[in-house]
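> Model the following, please.
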Amino acid sequence: MKINVILFPVLLAAYEAITYLSNDAYLPALPNITHDLASSQHLIQLTLTTWFLGSASMQIILGPIADRFGRRIVLLTGGIIFIIATLVCALTSSINTLLLFRYIQGATIPSMIVAGYATIYELYDHETAIHTLAWMNSLTLIAPSLGPLFGALLLPYTGWRWIFGLLSIMAGLIIIGLYFKMPETNSYGKNAIQLSRILKEYGRILSNANYMKSVLSSCFLLGAIIAWIAAGPFLVMTQFHYSPLTFGILQALIFGCFIVGTQTIKPLMKKIKSYKLASFGINITFYSGLLALVTTWFFTNTLISLIIPMMLLAWGSGLYFPILNRISIETSNEPMGARIAVFSTLMSGFAMLSSALISGVYNGTSLSLAIFLAFFSTIAYLLKLTIPQRIIT
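Purely as a prediction, here's the structure:
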């Protein structure tokens, strides 16, 4: 059991990275996919939106199922469906089929989040969980940081289809590892699934003001990051005419800053209280959003005017997310599956909303993206100000 406690979070983070790579590694190939499937930029951008729509559609259902039948069966079944959906994405020649199976791909993500993270929260105490989530986030951030670079390097030699093909193979190997090393921590297995009880649990969670304020603060900040993920490839490669490799390098720099943020949490928590550290992180993101607005207004034709603020925003987010996410879960006493289900539904919903909004707001300029970043990071900052200090310390 002890070795499972050590290996399980490593395998879970690796699996999470693979699932997110399905949304990041193919970003440099978006113009190629547009051409190969004889589609439009708008429809290809919707392949991101449908993925997020899928990821937001299943948590509410999977939470009670994981509480009733266990964490393992939910995660492993979702993993098998993810592998199949990814293979179909690799083989299809139709934009409609791609959109459908991108939705199915996304719909498997809740099985990993609800079951996997419920297990993490049940395995570890408060401080250990924050440290574990911090290094897991670092490993998971390989997807958005190196995923586009991976896709850009692979694209000239294999084409975009093999990006999905390789991901399905890697996911299969990790699911085999999870089958052997994932512990079962479910303590609610004797409770039958009763709709009235489930609705009451969700109602109590949604009416918990501190839970909602902390989750929504994270949601808006995530929305800012998703806006860059959705519009960044077109800004860098279409508007500024840089290569897919350059975009991959820029993405690695931005999300490398997020990793630096997560990795500084453990040493800083020995000297700084959680509340002050979270405040420092959200302050950085707030001022980074404002900086992006100013720099892109005065230096519209230079990409660096957005890249530097985006790097700072990612760094602050890396400091903020692990602390606030753990705090959000601890503000409720409802079954863990229900807490994670609401949390991940809201996060995925905001990711979907952000990707849909940016496709309508983004007009090909860095300023239009900066406005979006500033607005969402400001809302996240204002929500953080309403959270009582005693909740975070």
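
> which residues sit against the host helix or strand of P31?
For P31, the host element (DSSP states H and E) is helix 30-36. Helix 30-36 is contacted from outside by 26, 39-41, 44-45, 47, 98, 155, 159-160, 233-234, 237-238, using CB atoms under 8 Å, 6 or more residues apart in numbering. The C-beta positions use only the backbone N, C-alpha and C, and glycine is treated the same way.

> continuing past that helix, what's the next helix or strand?
helix 41-56.

> Who are the packing partners of that next one?
Here helix 41-56 touches helix 2-24, helix 30-36, helix 95-107, helix 109-110, helix 209-233, helix 336-361, going by 3 or more CB pairs under 8 Å, 6 or more residues apart in numbering; DSSP states H and E.

> Now restrict the contacts of helix 30-36 to buried residues only.
The neighbour count (16 or more other CB atoms under 10 Å) marks 26, 39, 44-45, 47, 98, 155, 160, 233-234, 237 as buried among the contacts of helix 30-36.

> and these, which two are the farthest apart?
L98 and M237 (19.8 Å; CB to CB).

> For the nearest residue to I229 once chain neighbours are set aside, give me its contacts.
Among residues not flanking I229 along the chain, P144 sits closest, at 6.4 Å (CB to CB, 6 or more residues apart in numbering). Contact partners of P144, counting by CB under 8 Å, 6+ apart, are 20, 24, 229, 251, 254-255, 258.

> Quick check on the residues you listed: which are buried?
Neighbour counting with 16+ other CB under 10 Å marks 20, 24, 229, 251, 254-255, 258 as buried within the contacts of P144.

> Among those, which one lies nearest to Q194?
Y20 (33.9 Å).

> Quick one: mean pLDDT over stretch 299-313.
Mean per-residue pLDDT for stretch 299-313: 94.

> And that stretch, what's buried?
303, 305-313.

> Contacts for it, please.
Stretch 299-313 is touched from outside by 224-225, 228, 235-236, 240, 242, 250, 253-254, 257, 284-285, 287-289, 291-292, 295-296, 298, 365-367, 369-370, 373, 377, with contacts defined as CB under 8 Å, 6+ apart.

> if we go to 7 Å?
Residues from elsewhere that reach stretch 299-313, judged by CB atoms under 7 Å, 6 or more residues apart in numbering: 224, 228, 236, 240, 250, 253-254, 257, 284-285, 288-289, 291-292, 295-296, 365-367, 369-370, 373, 377.

> okay, the buried ones among the contacts of helix 30-36 in a markdown table with pLDDT and distance to A13 next?
Output for those, formatted as a markdown table (pLDDT from 0 to 100; distance: CB to CB, whole Å):
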| residue | pLDDT | distance to A13 |
| --- | --- | --- |
| Y26 | 88 | 21 |
| S39 | 84 | 33 |
| I44 | 85 | 29 |
| Q45 | 78 | 28 |
| T47 | 90 | 25 |
| L98 | 94 | 27 |
| L155 | 88 | 26 |
| W160 | 91 | 26 |
| P233 | 85 | 25 |
| F234 | 84 | 29 |
| M237 | 88 | 29 |
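
> who are the neighbours in contact with L324?
By CB under 7 Å, 6+ apart, the residues touching L324 are 214, 217-218, 278.

> Pull out the buried residues from those.
214, 217-218, 278.

> Throw these into TSV and include distance to L199 and pLDDT, thanks.
Formatted as TSV, the buried ones among the contacts of L324 follow (distance: CB to CB, whole Å; pLDDT from 0 to 100):
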residue	distance to L199	pLDDT
S214	23	90
S217	26	94
S218	24	92
A278	32	85
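
> Could I get the phi/psi values of I272?
phi -120, psi 140 (degrees, to the nearest 10).

> element containing the nearest residue to it once chain neighbours are set aside?
With CB to CB, 6+ apart as the measure, F280 is the residue that lies nearest to I272, at 7.7 Å, once sequence neighbours are left out. Using DSSP H and E, F280 sits within helix 274-298.

> So which residues make contact with that helix?
Outside helix 274-298, the residues within contact range by CB under 7 Å, 6+ apart are 221, 224, 261, 265, 268-269, 305-306, 309-310, 312-313, 315-317, 319-320, 323-324, 366-367, 370-371, 373-374, 377-378, 380-381, 384, 389, 392-393.
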